[in-house]
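Undergrad: Can you look at this prediction? I've put the sequence above it.
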Amino acid sequence: MEHMGIEPGRLQFSWISSAESTKFVDVVTQVTAAIKALGPNSAFTKKLAEVA
Amino acid sequence: MQSTADKIREIAGRLLQSGAVDMVIGFRKGTVPMMNEPHVAKTPAEVARLVWDSHCGINLANYLTDRKEKIGIVAKGCDSRNIVTHVIENKIKREQLVVIGVPCRGMADKRKIAMKCPGEITEVVETETELTATGNGFSQTFSKKDVLQHNCTLCVHRNPVIHDELAGDPVPEQTGVDRYADVRAVEAMTPEQRWKYFEDLIAPCVRCYACRNACPLCYCPTCFVDESRPQWVGKGQEPSDVRTFHFLRAYHCAGRCTDCGACERACPVGINMRMFTKKLEKDCLDLFGWEAGLTLDVRPPLDVYRPGDPNDFIK
């Protein structure tokens, strides 16, 4: 996806066992912070048709 | 060329006569120059229409999906790799097939020829090394190697990887080919440039799905773009929908694409959508040492787990 022009870091993968609750919290916190830093996604957004 | 065609007809006639196969899938002359069509010969009489020249770029593996008959099939290097992929994916049984291998020197790109001619081409005649295109008031001769399809110039598997019959002598494989120069050029760009590059690449797309229909990998009974419950992707010309289609189609081909060029050849507006699949092909080679369709004995990398699989992208 990054090859096709999505910002690096927008798409992330993680493997978390159902027993790893603390890892889950950590990953969610990190990902949320990283994505907020990137700002709103401008790719793959649709604009409503502009009508006069 | 002519001798190859004769040999194909001889083999096809023999197979049909003996009842070894129910049909032979090959090529016949199209109604316009440089556009050969698939031809299914079911009787020895229909064999006469089989041809072989530099315009047999369609990938015939596409016509094997879920067939129940015994089939003889004419196969270039790329076709044979897609036949292997079909067998691996249980779309046809190897026992049903008699593969008539044709060592291939590359197929002509009809757009390259048409662009160099001043008018409409009405006839194309070819010799071993040259193509002569004739039309109203002009006649131009091209060296075959100058007008090959781009993927054919980069091909390193010209000889069929599996075959039961061979309709010509094996040709020397190209060596020292830099297959991924264009992919590396895109990799070197910034994310914004890459986004722009692919935006420009698919800007002319009219969503006709010719690329999908020509592709031997795209055999899903209902393609994700055609589904309406749920509707995965919008059906209009909205850029994000067009891009979603191309992204997803490419991903579905990961580890399976043989770079046969059928998609690009079929595209009515000449989009080089191979730029999507080639990146995945390159990654498969770099990360898994995998080239699709070379052997029936090894499962594809996206199909099996190996302890050494790269997983650095997982946190």
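TA: Received it, and whenever you're ready, just let me know what you need. Residues are numbered from 1 along each chain as shown, chains lettered A, B, ... in the order given.
Undergrad: all contacts plus neighbour counts: C-alpha atoms, from now on.
TA: Fine.
Undergrad: tell me the pLDDT at residue A:42?
TA: Per-residue pLDDT puts residue A:42 at 79.
Undergrad: likewise residue B:85?
TA: We have a pLDDT of 95 for residue B:85.
Undergrad: interface residues of the stretch 51-200 of chain B facing chain A?
TA: B:186, B:187, B:190, B:191, B:192, B:193, B:194, B:195, B:196, B:198 (CA under 8 Å from any CA of the partner chain).
Undergrad: could I get those residues as TSV with secondary structure and pLDDT?
TA: As requested, these are exported to TSV (DSSP: H, G, I helix; E, B strand; the rest coil; pLDDT from 0 to 100):
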residue	secondary structure	pLDDT
B:186	helix	91
B:187	helix	90
B:190	coil	90
B:191	helix	88
B:192	helix	88
B:193	helix	91
B:194	helix	92
B:195	helix	90
B:196	helix	91
B:198	helix	92
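Undergrad: Can I have the buried ones of those as a ChimeraX selection?
TA: Selection of the buried residues among these in ChimeraX, burial being defined by 16 or more other CA atoms under 10 Å in any protein chain shown:
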select /B:186,187,191,194,195,198
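Undergrad: Which one of the residues of the stretch 51-200 of chain B next to chain A is nearest to residue B:231?
TA: Closest approach to residue B:231 among these (CA to CA): residue B:198, at 23.8 Å.
Undergrad: Isn't that closest one up against residue A:2?
TA: No: with contact defined as CA atoms under 8 Å, residue B:198 does not count as touching residue A:2 (11.7 Å).
Undergrad: Residue B:246 should be in a helix, yeah?
TA: Yes: counting by DSSP: H, G, I helix; E, B strand; the rest coil, residue B:246 falls inside a helix.
Undergrad: What is the burial count for it?
TA: By other CA atoms under 10 Å in any protein chain shown, 21 other residues sit near residue B:246.
Undergrad: So it versus residue B:212, what's the distance?
TA: Distance from residue B:246 to residue B:212, counting by CA to CA, to the nearest Å: 10 Å.
Undergrad: all helices for chain B, in order.
TA: Assigned by DSSP state H, chain B shows helices spanning B:2-18, B:77-88, B:110-116, B:150-153, B:181-187, B:191-202, B:210-214, B:239-252, B:262-266, B:274-288.
Undergrad: most tightly surrounded among those helices?
TA: helix B:77-88 (a mean of 27; mean count of other CA atoms under 10 Å in any protein chain shown).
Undergrad: And it, what does it pack against?
TA: Where contact means 3 or more CA pairs under 8 Å, 6 or more residues apart in numbering or on different chains; DSSP states H and E, helix B:77-88 is packed against strand B:97-101.
Undergrad: List the contacts of the strand it packs on.
TA: Applying CA atoms under 8 Å, 6 or more residues apart in numbering or on different chains, the external contacts of strand B:97-101 come out as B:8, B:11, B:21, B:70-77, B:80, B:159-160, B:162-167.
Undergrad: residues touching the residue of the stretch 1-150 of chain B found nearest chain A, list them.
TA: Nearest residue of the stretch 1-150 of chain B to chain A (CA to the nearest CA) works out as residue B:150 at 21.0 Å. Contact analysis of residue B:150 by CA under 8 Å, 6+ apart lists residue B:109.
Undergrad: about what we covered before: which residues are in contact with both of residue B:246 and residue B:212?
TA: Joint contacts of residue B:246 and residue B:212 (CA under 8 Å, 6+ apart) do not exist.
Undergrad: which residues sit in contact with the most centrally placed residue in chain A?
TA: Centroid check for chain A by CA atoms, centre = their mean gives residue A:10 as the closest residue, at 4.2 Å. By CA under 8 Å, 6+ apart, the contact set of residue A:10 is A:35, A:38.
Undergrad: Please report the distance of it from residue B:167.
TA: For residue A:10, the distance to residue B:167 equals 51 Å [CA to CA].
Undergrad: same check, this time on residue B:190
TA: Look at residue B:190 and residue B:167: by CA to CA, they are 48 Å apart.
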